[in-house]
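# Could you look at this predicted model? Sequence included:
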Amino acid sequence: MRLRPGNEAAPPLLVRRSLERIFGGSARVDQVKVVELSLFARLHGRAIATTRRRRIFLRGSAAEFFSDPVLMLHEYCHVLLQWETGSLTTLRYLRECLRRGYWNNRFEVEAREFARNHQFQLRELLRQGM
């Protein structure tokens, strides 16, 4: 498989509107760029996705990502609630991983909890077509 920098992919309108409902009006879902088939994501070992400020980099396709409510919520949580607020930085993330490991690092714990707490709401919004 040929590695390339990746392609930007916009979320489907229904997905974007549903995420806006969950994250609230102050969260700028529309400013988050999703990059599919990302070389940057592939450089992060086995990670399915990785984030930076206003960016979600995907190992796979955007279609797969937008069809997985739990993964979407997890990654948008990293971007909108952690990177955008300034609580998450690369240095803080690495420090957390060194102290607690990947699974127990506070940023991952928070993102998993957020996704778990909102997955049914997102599924219902998508099912209803808002």
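Perfect, I can see it now. Numbering: from 1, shown residues only.

# Name the surrounding residues that touch stretch 38-56.
Here stretch 38-56 makes contact (C-beta atoms under 8 Å, 6 or more residues apart in numbering) with 3-6, 31-35, 57-60, 65, 71, 75-76, 78-79, 83-84, 90. (Glycine included, C-beta is placed from N, CA and C.)

# From those residues, which land in helices?
Among the contacts of stretch 38-56, the members found in helices (DSSP state H) are 65, 71, 75-76, 90.

# Put the alpha carbons of the helix ranked longest in the chain into CSV.
Secondary structure of the chain per DSSP H: the longest helix is helix 106-128. Extracted C-alpha coordinates of helix 106-128, given in CSV (Å, rounded to 0.1, in the frame of the first residue of the first chain):
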residue,chain,number,x,y,z
ARG,A,106,-6.2,10.9,31.9
PHE,A,107,-6.7,12.2,28.3
GLU,A,108,-7.6,8.7,27.1
VAL,A,109,-9.8,8.0,30.2
GLU,A,110,-11.7,11.2,29.7
ALA,A,111,-12.2,10.6,26.0
ARG,A,112,-13.4,7.0,26.5
GLU,A,113,-15.8,8.1,29.2
PHE,A,114,-17.2,10.9,27.1
ALA,A,115,-17.7,8.5,24.2
ARG,A,116,-19.4,6.0,26.4
ASN,A,117,-21.7,8.6,28.0
HIS,A,118,-22.8,10.1,24.6
GLN,A,119,-22.8,7.2,22.2
PHE,A,120,-26.5,6.4,22.6
GLN,A,121,-27.5,10.1,22.1
LEU,A,122,-25.3,10.3,18.9
ARG,A,123,-26.7,7.0,17.6
GLU,A,124,-30.3,8.3,18.2
LEU,A,125,-29.6,11.6,16.5
LEU,A,126,-28.2,9.9,13.5
ARG,A,127,-31.0,7.4,13.4
GLN,A,128,-33.7,10.1,13.5
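
# what about burial for the contacts of stretch 38-56, which qualify?
6, 32, 34-35, 57-59, 65, 71, 75-76, 78-79, 83-84 (16 or more other C-beta atoms under 10 Å).

# ok now the longest helix of the chain, how far from the chain's centre?
Using C-alpha atoms, centre = their mean, to the nearest Å, the mean C-alpha position of helix 106-128 is found 11 Å from that of the whole chain.
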